[in-house]
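> Here is a sequence with its predicted model. Questions after.
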Amino acid sequence: MKCGVGHYTFHLANALAKSGKVTVGILTGQAAGSSTRDVDFEIIPIVETWKLTEARKILKKIQSWHPDVVHVQFPTQGYGNRVLPWILTIFLQIKKFPMVQTWHEYYLKGGKRNILNAFTSGGLIVVRPKYKEMMPRWYRNLIKHKIYKFIPNASAIPAVQLIDVEKEAIQMSYARKGKSMIVYFGFVFPHKGVDTLFKVANPEKHHLVFICDLKVGDSYQERLLDTINSPPWKGAVTVTGYLSDSEVARILAAADAVVLPFREGAGIWNTTVHAAEAQGTFILTTSCDKTRGYNETENIYYALPNDITDMQKALDLYSGRKRQTSKSTKTIDWNYISNEHYNFYQALLDSSHP
């Protein structure tokens, strides 16, 4: 699923359905519905586009499904720049559906459309810590009537264990023999800092593997393609395009290092960090608030954003290290997340019917 929030929604719905406590349906776009696998929940892929003209059809379908709770995720790539999902919450409020929203980005990245969300009641789940503190005070006051909860996310990519022969075969498939395989995984936008990899890594000893799509027509991605196809990087970079979760996991597990040089710093909300950490592979990323340096328990090095020299030294020093499974400290998985959601739904319904 080519959307981080879509991926999150899939795993949450799957875990909720498997718990046996609830029946789950996902109302989504037609394109997303055609790419889904065998699942334990119902896919309702009726949305052609998120235009206002689709509102009547969507509301009619929701009413026919008779949900106890309607849960809306914000934002997703599927919404694009359409305003319907934000207006839809107003319609759902008028129809008196108990509603929960999950906000995946801090307020300012949601833009003025988030003002509409302030006028709806119900639950508000966020996946980023210190969410309220990051809001303007006036907006914090506008949403103070909502029932608020922070529930962190987890890896959407399965953990795999490779033997040496498997690791070598994967590296031979994606990288040049004799070079360390350095991987980037995720969407490609300027704030992801993907271009930084060309400064941190060295084409003489590293082969870069980009698990992502790079398209002509996007100015930033075109610049990356120009660098990839020019000396000194020509022949030292592999762009895989979109891959299945299982293949992504195998590449991350076989990598000597996963480099995620976000310009605004990584955090607990980054599923790409969780995905790489699940494999035990060394991760080089950035942070604005964590203690800088190497965390042995996590096998992660945190550098200041754009500190190229520090990242170069860290890559040289820690590349190839594997975290021992016994040192994993992760207790958050999709069962935990789904259980937190179920309890939140229940509390919301109890408050609606005291």
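That came through, no problem. Residues are numbered from 1 along each chain as shown.

> Tell me where the stretch 51-200 of the chain is predicted with low confidence.
107-111 (pLDDT under 70).

> And the helices in the stretch 251-354 of the chain?
Secondary structure of the stretch 251-354 of the chain (DSSP state H, counting those that start in this stretch): helices at 271-278, 308-318, 334-352.

> Quick one: list the elements packing against the last one.
Which is helix 334-352. If you count contacts as 3 or more CB pairs under 8 Å, 6 or more residues apart in numbering; DSSP states H and E, helix 334-352 packs onto helix 4-19, strand 99-103, strand 123-126, strand 147-150. Every C-beta, even on glycine, is put in place using the N, C-alpha and C of the backbone.

> Which one of the ones you listed lies nearest to residue 272?
The closest of the helices and strands packed on helix 334-352 to residue 272 is helix 4-19. By CB to CB, the value is 8.1 Å.

> The following helix or strand past the closest one: which residues count as buried?
For helix 4-19, the following helix or strand on the C-terminal side (DSSP states H and E) is strand 25-29. Neighbour-count burial for strand 25-29 flags 26, 27, 28, 29 (criterion: 16 or more other CB atoms under 10 Å).

> I'd like the helices of the stretch 251-354 of the chain as CSV, with distance to residue 132 and mean neighbour count appended.
Shown next, in CSV, are these (distance: least, CB to CB, whole Å; neighbours: other CB atoms under 10 Å):
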stretch, distance to residue 132, mean neighbour count
helix 271-278, 22, 24
helix 308-318, 32, 17
helix 334-352, 17, 16
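
> mind checking which of these is nearest residue 146?
Among the helices of the stretch 251-354 of the chain, helix 334-352 sits nearest to residue 146 (CB to CB), with 10.2 Å.

> Okay, angle between that closest one and helix 4-19 too, please.
Helix 334-352 runs at 80 degrees relative to helix 4-19, counting by axes from the mean of the first three to the mean of the last three CA atoms, to 10 degrees.

> and helix 334-352 with strand 99-103, angle?
For helix 334-352 against strand 99-103, the angle between stretch directions is 140 degrees (the same axes, to 10 degrees).

> So what touches helix 334-352?
With contact meaning CB atoms under 8 Å, 6 or more residues apart in numbering, helix 334-352 is reached by 11-12, 14-16, 18-19, 21-22, 68-69, 71, 98, 100, 122-123, 125, 147, 149, 151-154.

> Which of those residues are buried? Put it as a PyMOL command.
Buried members of the contacts of helix 334-352, defined by 16+ other CB under 10 Å, are picked up in PyMOL with:
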select buried, resi 11+12+14+15+16+19+22+69+71+98+100+122+123+125+149+151+152+153+154
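
> out of the helices of the stretch 251-354 of the chain, which comes closest to residue 55?
Taking the helices of the stretch 251-354 of the chain one by one with CB to CB, helix 334-352 is closest: 23.9 Å.

> starting at the chain centroid, how far to the closest one?
21 Å (CA atoms, centre = their mean, to the nearest Å).

> gap between the two ends of stretch 237-247?
Terminal residues of stretch 237-247 are spaced 18 Å apart (CA to CA, to the nearest Å).

> actually stretch 170-188, not the one I wrote
Its first and final residues considered, stretch 170-188 spans 23 Å by CA to CA.

> ok, back up a step: in CSV, list the helices and strands packed on helix 334-352 along with distance to residue 175.
CSV is the format used below for those (distance: least, CB to CB, whole Å):
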stretch, distance to residue 175
helix 4-19, 25
strand 99-103, 37
strand 123-126, 38
strand 147-150, 39
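
> Mind checking these for the one nearest to residue 191?
Proximity to residue 191 (CB to CB) singles out helix 4-19 among the helices and strands packed on helix 334-352, at 13.5 Å.

> For that closest one, give the mean pLDDT please.
In this model, helix 4-19 has an average pLDDT of 89.

> could you redo the buried residues of strand 25-29 as CSV and give each row distance to residue 304?
Shown next, in CSV, are those (distance: CB to CB, whole Å):
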residue, distance to residue 304
26, 39
27, 42
28, 39
29, 39
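
> wait, which of the residues you listed is closest to residue 291?
Nearest member of the buried residues of strand 25-29 to residue 291, counting by CB to CB, is residue 26, at 39.0 Å.

> From residue 71, how far off is that closest one?
10 Å (CB to CB, to the nearest Å).

> Residue 338 now?
Taking CB to CB, one finds residue 338 at 12 Å from residue 71.

> For residue 86, give me phi and psi.
Main-chain dihedrals, residue 86, degrees, to the nearest 10: phi -70, psi -40.

> my read: it touches residue 117, true?
Yes: applying CB atoms under 8 Å as the test, residue 86 and residue 117 come out as touching, 6.4 Å apart.

> got the contact list for residue 4?
104, 156, 186, 187, 271.

> hmm, 6 Å instead?
Applying CB atoms under 6 Å, 6 or more residues apart in numbering, one finds that residue 4 lies in contact with residue 271.

> That one and residue 276, how far apart?
From residue 4 to residue 276 the distance is 14 Å (CB to CB).

> How about residue 93?
To residue 276, residue 93 is 40 Å away according to CB to CB.

> do residue 18 as well
Taken as CB to CB, the span from residue 18 to residue 276 is 25 Å.

> Kindly report the same for residue 112.
According to CB to CB, residue 112 stands 35 Å off from residue 276.

> try residue 261
In this view, residue 261 and residue 276 are 13 Å apart by CB to CB.

> still on that earlier bit, which one of the helices and strands packed on helix 334-352 lies nearest to residue 168?
Residue 168 sits nearest to helix 4-19 of all the helices and strands packed on helix 334-352, at 29.2 Å, using CB to CB.
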